[in-house]
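1. need a 3D model of the sequence below.
(chains A and B)
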Amino acid sequence: METIQTSLGQVNVASIIIFFVFVAITLVITYWAAKKTKTTSEFYAADRSISGFQNGLALSGDYMSAASFLGIAGMVSLKGYDGLIYSIGFLVGWPLVMFLIAEPLRNLGKFTFADVVAFRLKQKPVRIASSVGSLMTIVFYLIAQMVGAGALINILFGLPYELAIVIVGLVMISYVLFGGMLATTWVQIIKAVLLLSGATFLVIMTLANFGMNPITLFEKAAAKYGDVVLSPGGFVTNPWDAISLGIALILGTAGLPHILMRFFTVPDAKQARKSVFVATGFIGYFYILTFIIGFGAMVLVGQDVVSYFDKGGNMAALLLAESVGGQFFLGFIAAVAFATILAVVAGLTLSGASTLSHDLYVNVIKKGKTNEAGEVKVARISTLMIGALAIFLGLTFKGQNVAFMVGLAFAIAASANFPSLLLSIIWKKFTTKGAVSSIITGAGLSVFLIILSPTVWVDIFHNESAIFPLKNPALISMTASFFAGYFVSKFTKEKGAEDKFEDEKLRTYLGVGSE
Amino acid sequence: MGIQASSIKDILESEKFKELVKKRLRVSLSLTALMLIVYFGFILTIAFYKELLAIKIGEHITLGLPIGISIIVFAWLLTGFYTRWANNKYDKSVRELRNEILEK
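-> Next up is the predicted model:
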């Protein structure tokens, strides 16, 4: 290998300045937002003042995590075409969010998706079960993000892991605690614009080396590493594995609490659908960019150098940035990656706090009887609790292999949150006991099966062979969750819920009475 | 909004409302099915007939490349198609029905 010259891991002045400018601007926005954040509707849903286009950008900001930016670019740089297969799985969930969930969710709910599941069922059991599904999804996602953040910042800036975790935690808590949903939304929007323009610029600078023609880039890659990089490789070896992962990614997207929560920030169903159209466009565009970035790193940086810095290829985009744009551009992309993590964990924390305060405290403990000021206060305390938990988890899981937790979060979202949400929207005879069984079956099986799967049983516990064959459990856990919801509802008739379904239709389809 | 129970029932039982709900479900479910067929068709092709995607259409470029990118674009176009349908057709019927409710 040639000698590698990179400033990766050293203190990068450009990066630190850009990052501080980002934090400063977002904190000013938080200060502005704090003045407009007094009621519950303002805290949880930005007073439904976000436009469809803005929400679309914010949704894409929520979804384009540093893991997908650095991870997918890295995967493409090392495996070529297989990285594209992976990112397609992440995208195709979005049309389903639009066709099945977005509008009824907006019309029926108030602040959390549990509002919709519990709409005509018994509040207490359904809220408790939904919260379990929600919080499990959020916690596993948070662990993966926080640990990734600490490790990334450590490599990028040479900052100690623990310090990085605490900085991310404190800044993120300030956004949510003071500025609520309005600040969180604007942080997402700014981050999405930075990430999309940064990635676009990186692609332009890369393609400038290939006469602005991506085909030339792909051909150079094939000439260097063989035609295998342009066709499917080992990503899909077992079709059942691929189907199960596909289900987790697609239906999981439609069950992520921090994504679903965003639909309550727009004024009506029309803006809700517009936001999915905008989000799908930006996310799709972003995945096409990461594909080109991955190939750029493969050719211009080289697979040996990419895997030297990180076996999974996570540094590919950054190494490419340095190779085409020098230290300053590396600093810019690194700062964007840092900002990306901040924004994603802020969204997760807000959605966790909404679950704790709106679902558990207000609707279970207080049985729906609280005043505005009291609920906002509880929401803020919940924010501190989830924020502290995020920091604690980040410190606890240092150095652990947590990559599987994103897959697990998607599996739980697909198996616990999505089935109960969909059945409550479209099926008249869905009952309280059916909903609770569906959620518990889905969440429980997801965790139980992933422990016995090759992902944990072999890769983490180092056993010889796995007890459960699939790497992601969603195929089994999602199916079981739908069956549990269906059969238990069949055996437990709930007259009240059936009657309310007819009235609910007016709200689901016409938006009459929506908040 | 003071809507009387009887007029709610009228709306819910009107042919127009039933037609709207049916149409909406039909569009949502067919588009969902279409997306799932395309995606899982792609995944199963990779699983069982990888060679198809490795077919060369240029000196090095494979058929898999435009197909993969097309799925991303297709997903987006599908959301655009639905948005157009909902904005033009669905919302129009919703407005009409809502006005009927408000008149009562």
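
2. give me the most central residue, the chain.
-> Using chain A here. For chain A, the residue nearest the mean C-alpha position is residue A:63 (4.6 Å; CA atoms, centre = their mean).

3. you answered for a different chain; I wanted chain B.
-> residue B:31 (3.5 Å).

4. what about the helices in chain B?
-> Taking DSSP state H as the criterion, chain B carries its helices at B:5-13, B:15-48, B:50-54, B:64-85, B:91-103.

5. could those go into a markdown table alongside mean pLDDT and distance to residue A:361?
-> For every residue, glycine as well, the C-beta is placed using N, CA and C. Output for those, formatted as a markdown table (pLDDT from 0 to 100; distance: least, CB to CB, whole Å):
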| stretch | mean pLDDT | distance to residue A:361 |
| --- | --- | --- |
| helix B:5-13 | 75 | 33 |
| helix B:15-48 | 93 | 34 |
| helix B:50-54 | 90 | 52 |
| helix B:64-85 | 96 | 36 |
| helix B:91-103 | 83 | 35 |
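
6. now render those as TSV, adding distance to chain A.
-> TSV is the format used below for those (distance: least, CB to the nearest CB, whole Å):
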stretch	distance to chain A
helix B:5-13	6
helix B:15-48	4
helix B:50-54	4
helix B:64-85	4
helix B:91-103	5
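
7. let's have these in a markdown table, adding distance to residue A:357.
-> As requested, the helices of chain B are exported to a markdown table (distance: least, CB to CB, whole Å):
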| stretch | distance to residue A:357 |
| --- | --- |
| helix B:5-13 | 33 |
| helix B:15-48 | 32 |
| helix B:50-54 | 49 |
| helix B:64-85 | 32 |
| helix B:91-103 | 33 |
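
8. between the ones you listed, which one is nearest to residue A:132?
-> Between residue A:132 and the helices of chain B, the shortest gap by CB to CB is with helix B:15-48, which sits at 27.1 Å.

9. and the closest one, how far from the chain's centre?
-> With CA atoms, centre = their mean, to the nearest Å as the basis, helix B:15-48 stands 6 Å off its chain's centre.

10. tilt between that helix and helix B:64-85?
-> On the basis of axes from the mean of the first three to the mean of the last three CA atoms, to 10 degrees, helix B:15-48 is oriented at 170 degrees to helix B:64-85.

11. OK, contacts around the closest residue in space to residue A:62 that isn't next to it in sequence?
-> In this structure, residue A:62 finds its nearest non-sequential neighbour in residue A:347, 4.8 Å apart by CB to CB, 6 or more residues apart in numbering or on different chains. Taking CB atoms under 8 Å, 6 or more residues apart in numbering or on different chains, we find residue A:347 in contact with A:61-62, A:184, A:188, A:258, A:261-262.

12. and residue A:251, by the same measure?
-> Per CB under 8 Å, 6+ apart, neighbours of residue A:251: A:93, A:96, A:413-415, A:418, A:474, A:478.

13. do that again at 10 Å, thanks
-> Residues in contact with residue A:251, defined by CB atoms under 10 Å, 6 or more residues apart in numbering or on different chains, are A:93, A:96-97, A:100, A:410-411, A:413-415, A:417-419, A:422, A:474, A:478.

14. tell me the pLDDT of the closest residue to residue A:191 other than its chain neighbours.
-> Nearest non-adjacent residue to residue A:191, counting by CB to CB, 6+ apart: residue A:343, 4.0 Å away. Looking at residue A:343, its pLDDT stands at 92.

15. pull the number of nearby residues for residue A:343.
-> Residue A:343 has 31 neighbours, counted by other CB atoms under 10 Å in any protein chain shown.

16. helices along the stretch 51-200 of chain A, start to end?
-> In the stretch 51-200 of chain A, the helices defined using DSSP state H, counting those that start in this stretch lie at A:52-63, A:66, A:72-79, A:81-91, A:93-96, A:103-108, A:113-117, A:123-157, A:161-207.

17. list the buried residues in the strand or helix carrying residue A:16.
-> Secondary structure assigned from DSSP states H and E places residue A:16 in helix A:13-35. Buried positions in helix A:13-35, judged by neighbour count with 16 or more other CB atoms under 10 Å in any protein chain shown: A:14-16, A:18-19, A:22-23, A:26-27, A:29-30, A:33-34.

18. which among the residues you listed gets closest to residue A:269?
-> Nearest to residue A:269 among these, counting by CB to CB, is residue A:33 at 25.1 Å.

19. list the contacts for the closest one?
-> Residue A:33 makes contact with A:26, A:42, A:46, A:175, A:178-187 under the criterion CB under 10 Å, 6+ apart.

20. ditto for residue A:382
-> When contacts are taken as CB under 10 Å, 6+ apart, residue A:382 is in contact with A:176-177, A:349-350, A:352-358, A:360-361.

21. rewinding a little: who are the packing partners of whatever helix or strand comes next after the helix holding residue A:16?
-> Using DSSP H and E, the helix or strand that directly follows helix A:13-35 along the chain is helix A:40-45. Packed against helix A:40-45 by the contact rule (3 or more CB pairs under 10 Å, 6 or more residues apart in numbering or on different chains; DSSP states H and E) you find helix A:161-207, helix A:316-354, helix A:372-396.

22. between helix A:123-157 and the first one, find me the angle.
-> Relative orientation of helix A:161-207 and helix A:123-157, computed by the same axes, to 10 degrees: 70 degrees.
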